[in-house]
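> Model the structure of this input:
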Amino acid sequence: MPLSRFSQGSFALAMTCVAGVAFADPITINDQGGRTVKLEKPAERVVTIPMPMASTVIAIDGGTSKLVGMNPMSKTAIQEGVLGKIFPESKGISSEVTAPNFIPNIEELAATNPDLVVQWADYGADLVDPLTNAGLNVILISYGTEEKTQAYHQMAADAIGKPERAKLINEWRDAVSAEIFAKTRDIPADKRPKVLYLGRAMDKLTASGSKGNFTAWYIDMVGGINASADVEGNGTTINPEQIASWDPDVILLNSFEPNLKLERIYDDQILSFTKAAQNKQVYKLPLGGYRWDPPSQESPLTWMWLANLLHPELFNYDLRAEMKKAYKTIYNYELTDEDIDGILWVEMQGDATNYAQFKAK
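Numbering: from 1, shown residues only. Have a look, this model is predicted:
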């Protein structure tokens, strides 16, 4: 059986974990801010301020009962994506606990009576001190690499008393990445398409360098080259002329901007002349249980999706089947063909190159 697939016993293991674990001893967590946090028992009420963590907690817990507050952008992803259908009660969870820029609203947050608050480690004391000064238990996460992602998955799972759930998801990540790397590691540079990911493309155009950039990491993993590798920093504003000079073979549009369509590239007086536009290799990243651009519990599906698009001569993942297996294991949900069409933007992608492979047979 291919490494990319969950084992037959995975779902049984996952559901055993969902049943809960009673820890007699306090839980000690060494977070990604270099802090040691002790919980007397598994957290039952969790607030997540970083955007990816709301869906991560839902995935690890197997439901929404422990999530009592989240970032407004996390809620937008739930409302726009399939997670709101799987867990309709999630739409009622408070998103008043923080501003989108991660500044906590202490009054609203305290009203949720959390056992644990998850916050960013890398944005300074102003985002952390108000939480600790209010006497709240806080764990800090850091962002940007696969190693960090797996570590904060494990931290969150440990904190709610379900460590085996993170182990299950992380082992899947390792299996898929190893399988893909084995096929792409020897692809020479001149056979690797230049891929540009636009983190924003509506009011402004942004791109990121390769340092500490998760998207650049998986573009390389699946056999591409990050077209914006020379950009300083992440989320840097660029202009159409810069993109034209890179002339990417593939353009990936973010899933954060709900009104962003492929026409943003095809109708642009400059961008429409890029190889990506001319060869109909402009794709919008899917939106599933969370957005597929950044790291999430669904990242291996992103990697399969992009590997199939960049190197169809090497990869032929049955993505729809892989999605159904993953959603059953992660969310205990049976994806419908209609669900998958929506996640993958099948209608929007139209006749994009190689996209017909993702349509229902």
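
> Give the helix, strand or coil label for residue 237.
strand (DSSP: H, G, I helix; E, B strand; the rest coil).

> pretty sure it contacts residue 203?
No: using Cβ atoms under 8 Å, residue 237 makes no contact with residue 203, being 10.2 Å away. In this view, the C-beta of every residue, glycine as well, is placed from N, C-alpha and C.

> Who has more neighbours out of these two?
residue 237 (11 against 6; other Cβ atoms under 10 Å).

> how much space is there between the more buried one and residue 210?
Residue 237 is 18 Å from residue 210, where distance means Cβ to Cβ, to the nearest Å.

> try residue 308
Per Cβ to Cβ, residue 308 is found 23 Å from residue 210.

> Between those two, tell me which one has more neighbours.
A count of neighbours by other Cβ under 10 Å puts residue 308 above the other of residue 308 and residue 210, at 20 against 17.

> Skipping adjacent residues, who's closest to that one in space?
Closest residue to residue 308 apart from its sequence neighbours, by Cβ to Cβ, 6 or more residues apart in numbering: residue 315 at 5.0 Å.

> what does residue 94 give?
Residue 94's closest residue in space is residue 69 (Cβ to Cβ, 6+ apart), at 4.7 Å.

> And this protein, what are its domain boundaries?
10-169, 173-358 (automatic domain parsing).

> Output the ones you listed in a markdown table, with mean pLDDT appended to each entry.
Shown next, in a markdown table, are the domains of the chain (pLDDT from 0 to 100):
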| stretch | mean pLDDT |
| --- | --- |
| domain 10-169 | 90 |
| domain 173-358 | 97 |
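
> Run through the helices of the stretch 201-350 of the chain in chain order.
Taking DSSP state H, counting those that start in this stretch as the test, the helices found in the stretch 201-350 of the chain are 214-221, 240-246, 263-266, 275-278, 299-310, 319-331, 337-343, 346-349.

> What of the stretch 1-150 of the chain?
Under DSSP H, counting those that start in this stretch, the stretch 1-150 of the chain gives helices at 10-18, 53-61, 72-80, 83-86, 106-111, 129-133, 146-159.

> most packed of those helices?
Mean neighbour count (mean count of other Cβ atoms under 10 Å) peaks for helix 53-61 among the helices of the stretch 1-150 of the chain, with a mean of 27.

> for that helix, packing partners?
strand 46-48, strand 67-70, helix 72-80, helix 146-159, helix 163-184, helix 319-331 (3 or more Cβ pairs under 8 Å, 6 or more residues apart in numbering; DSSP states H and E).

> can you tell me which of the ones you listed comes nearest to residue 140?
helix 146-159 (9.1 Å; Cβ to Cβ).

> who's in contact with that closest one?
Residues from elsewhere that reach helix 146-159 (Cβ atoms under 8 Å, 6 or more residues apart in numbering): 27, 29, 31-32, 39, 42-43, 46, 53, 56-57, 60, 116, 118, 139, 141-143, 163-167, 169-170, 173, 177, 214, 217, 295, 297, 299.
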